[in-house]
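**Student:** sequence and predicted structure are below.
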Amino acid sequence: MTIARLLDIGAETAAAIEARRPVVALESTIITHGMPFPQNFETALKLEEIVRAHGATPATIAAVDGRLVVGLDKAGLERLARLSGGVVKASRRDLAAVLARKGTGGTTVAATMYIAALAGIDIFATGGIGGVHRGAEQTFDISADLVELSRSKVAVVCAGAKSILDIPKTLEYLESHGVPVIGYRCDEFPAFYARSSGVKLDHRCEGLHDLARMISLQREIGPGGLLIANPIPEAHALDAGQIEARIEEAVHEAKAQGISQKDVTPFLLRRLVELTGGRSLEANMALVEANAALAAQVAVELARLKA
């Protein structure tokens, strides 16, 4: 038996993969742990519409009833959205446990990358990746997203690392594990809500064709994937100094309440929505949509290269 026996690939996604048409993977924790119903369902549909509008097939990935589903249909998206907060937030380490009990879970960046690679999908759009947490020299809290980037040959389009993290250490970790980080029309690594973190990047790319060539070559060179940093659209970016102050406040509250490990990020993001009067959520939505659009355009160029 192979791992493929655990995969259920939706008809639309399977047809696109078989025909070598462009496909973009999308994660499901934004549905299960990002926002309440029905906003999460509306967001999932909108992201898929954006991918289609730019010429690619969307493939939202999740663990459903003990199966790894690649390409949820509309009914599957709605069911997952209605379960918001009531299912597992499944990273790579959680998959066996969730599947063994025929459970359901939203897949994180790490788990989505892994499953996308199994299905033969080259590119994945998310909001921001996880990274090295502040104070990791004491806690050793490093996201599995970084480890998976060094293993799975999938290109990830993101708006940088969430600014609640230690961005310089995150980039050092990626460098140590051979993961290329490419700034799309930017010279500095973006900080999720803000367009820049102040940390310079070694590589910049201006065009879709060149990005596609880099992804194709990285698949040959390996061992893992490639990270494309796409800054939040300028109209929706938040002031870096102001958001940093709110982040520090939220981090202090998390420590005071004893919140740790995988509960930290959801708490901080939720608290930031409150502290910014909803502006951080608006920014989050804008950057995810921009990343879905860019990933679809790059997927189209990848398909042309293969052809």
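**Tutor:** Arrived safely. Residues are numbered from 1 along each chain as shown.
**Student:** and A19, how many neighbours?
**Tutor:** A count of nearby residues for A19, using other CB atoms under 10 Å, gives 9. Heads up, the C-betas are built off the backbone N, CA and C, glycines and all.
**Student:** just K46 next, same as before
**Tutor:** Neighbours of K46 (other CB under 10 Å): 14.
**Student:** how does the chain divide into domains?
**Tutor:** Domain assignment for the chain, taken from automatic domain parsing, gives 1-121, 125-307.
**Student:** rebuild those domains as TSV, extending it with mean pLDDT.
**Tutor:** As requested, the domains of the chain are arranged in TSV below (pLDDT from 0 to 100):
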stretch	mean pLDDT
domain 1-121	95
domain 125-307	93
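**Student:** alpha carbons only: can I get stretch 57-68 in PDB?
**Tutor:** Listed next in PDB are the C-alpha coordinates belonging to stretch 57-68 (Å, rounded to 0.1, in the frame of the first residue of the first chain):
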ATOM      1  CA  THR A  57      -8.000  25.400 -10.600                       C
ATOM      2  CA  PRO A  58      -8.300  25.800  -6.900                       C
ATOM      3  CA  ALA A  59      -7.800  22.800  -4.600                       C
ATOM      4  CA  THR A  60      -8.700  23.400  -1.000                       C
ATOM      5  CA  ILE A  61      -7.200  20.700   1.200                       C
ATOM      6  CA  ALA A  62      -8.400  19.300   4.500                       C
ATOM      7  CA  ALA A  63      -8.700  16.100   6.500                       C
ATOM      8  CA  VAL A  64     -12.300  14.900   6.300                       C
ATOM      9  CA  ASP A  65     -13.800  11.800   8.000                       C
ATOM     10  CA  GLY A  66     -10.400  10.100   8.100                       C
ATOM     11  CA  ARG A  67      -9.400  10.900   4.500                       C
ATOM     12  CA  LEU A  68      -7.000  13.500   3.000                       C
END
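**Student:** P180: what's it in contact with?
**Tutor:** 203, 214, 218, 226-227 (CB atoms under 8 Å, 6 or more residues apart in numbering).
**Student:** any idea how far A256 is from the residue positioned nearest the centre of the chain?
**Tutor:** With distances taken as CA atoms, centre = their mean, the residue of the chain nearest its centroid is T126 (2.9 Å). Separation of T126 from A256 (CB to CB, to the nearest Å): 30 Å.
**Student:** now do R82
**Tutor:** Counting by CB to CB - R82 and A256 are separated by 33 Å.
**Student:** the two - which one has more neighbours?
**Tutor:** Using other CB under 10 Å as the criterion, R82 and A256 rank with R82 on top: 13 against 8.
**Student:** helices along the stretch 201-307 of the chain, start to end?
**Tutor:** 208-221, 240-256, 264-275, 279-306 (DSSP state H, counting those that start in this stretch).
**Student:** scratch that, the stretch 1-150 of the chain is what I was asking about
**Tutor:** Assigned by DSSP H, counting those that start in this stretch, the helices in the stretch 1-150 of the chain fall at 11-18, 29-32, 39-53, 74-82, 95-100, 109-119, 136-139, 144-149.
**Student:** off-centre distance for the fourth one?
**Tutor:** The reference is to helix 74-82. Computed by CA atoms, centre = their mean, to the nearest Å, the chain-centroid distance of helix 74-82 equals 19 Å.
**Student:** tell me what angle it forms with helix 39-53.
**Tutor:** If you take axes from the mean of the first three to the mean of the last three CA atoms, to 10 degrees, helix 74-82 sits at 140 degrees to helix 39-53.
**Student:** now for helix 74-82, which elements pack on it?
**Tutor:** helix 29-32, helix 39-53, strand 57-64 (3 or more CB pairs under 8 Å, 6 or more residues apart in numbering; DSSP states H and E).
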